[in-house]
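Peer 1: Sequence plus the predicted model coming up.
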Amino acid sequence: TGVVPFVALLLLQRRPVAGRALLVSGSGCPSHGLCRSNVQEQTRRQVAMLNATAQELFSLYLKCQGEPFSSESDKLCNPAGIFFPAFRVNRTSERKEVLVAMYKLFAFLNASLGNITRDQEELNPMAKELLERLHNTTKTTRGLISNLTCLLCKNYNIFQVDVRYGDSSKGKSAFKKKQQGCQVLRKYVQVIGQAARVLLPHLSPS
């Protein structure tokens, strides 16, 4: 538990972490030089790309885990028992509320992807296509976090967000590592479509 500046949060996303940072408004925002000139359009593209590729990533993940995941995915990948950030905003929510919810979601996802990628490098080192997709998804997610950071700072002077991360899979059995990965990715598929529908209208060109 503790207050972690955005810049530190972005660095922490490079490895699985657990902790919280508090939502704060104030004079601590970094320079708006963090923002690219086309930040809204870039954020729209990143969310659309993640939405378009989520199901393919999940399907490829299942294929690479083999049995029983391929044939019993509904049972083994049911995400009911895992933590995943609540996503209670909708298209009529305030823009600030939507951006904060998005930051929490994608900061969690980025740390989870770090866990999953590390486990797959250990368990399936020859699954080149899966590892490449995981790395690409992580790269897009990091870019999205950077852009959400910029939008929150620039528009609302918010530079710290309360973020909760999921459990690390370190020390778990190979089966549990595979299961945790498929539970997170199944939930990701369910949530990313909703996130895209909610966020994109708030980033429409004015």
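Peer 2: The structure has been received and is ready for your questions.

Peer 1: Strands along the protein, start to end?
Peer 2: Along the chain, the segments classed as strands by DSSP state E run 24-25, 158-160.

Peer 1: Just checking: what are the partner strands of the last one?
Peer 2: Read it as strand 158-160. Neighbouring strands of strand 158-160 in its sheet, by DSSP bridges, are strand 24-25 (antiparallel).

Peer 1: Mean confidence (pLDDT) on the strand it pairs with, please.
Peer 2: Per-residue pLDDT over strand 24-25 has a mean of 46.

Peer 1: next one: stretch 101-109
Peer 2: 94.

Peer 1: Other residues contacting that stretch?
Peer 2: 9, 13, 84-85, 87-89, 93, 141, 144-145, 148-149, 152, 161-166, 184, 188, 191, 195, 199 (Cβ atoms under 8 Å, 6 or more residues apart in numbering). Where you see a C-beta, it was placed from the backbone N, CA and C, and this is true even at glycine.

Peer 1: buried subset of those?
Peer 2: Neighbour-count burial (16 or more other Cβ atoms under 10 Å) applied to the contacts of stretch 101-109 gives 9, 13, 84-85, 87, 89, 141, 144-145, 148-149, 152, 161, 163-166, 184, 188, 191, 195, 199.

Peer 1: I'd say Gly114 and Lys139 touch.
Peer 2: No - the pair formed by Gly114 and Lys139 falls short of the contact definition of Cβ atoms under 8 Å, at 11.9 Å.

Peer 1: So for these two, which sits in the more crowded spot?
Peer 2: Remark: of Gly114 and Lys139, Gly114 carries more neighbours, 21 against 13, as counted by other Cβ atoms under 10 Å.

Peer 1: Need the pLDDT of that one.
Peer 2: The predicted local confidence for Gly114 is 94.

Peer 1: And it, how far from Thr141?
Peer 2: Going from Gly114 to Thr141 by Cβ to Cβ, to the nearest Å gives 10 Å.

Peer 1: next one: Ala101
Peer 2: Distance, Ala101 to Thr141, using Cβ to Cβ: 15 Å.

Peer 1: What of Arg186?
Peer 2: Arg186 sits 17 Å away from Thr141 when distances are taken as Cβ to Cβ.

Peer 1: got it, and Cys64?
Peer 2: Cys64 sits 20 Å away from Thr141, going by Cβ to Cβ.

Peer 1: Which members of the buried ones among the contacts of stretch 101-109 occur in helices, if any?
Peer 2: Leu9, Thr141, Leu144, Ile145, Leu148, Thr149, Leu152, Val184, Tyr188, Val191, Ala195, Leu199 (DSSP state H).

Peer 1: so the third one makes contact with Arg45?
Peer 2: If I follow you right, that is Leu144. No - if you go by Cβ under 8 Å, Leu144 and Arg45 don't touch, sitting 9.5 Å apart.
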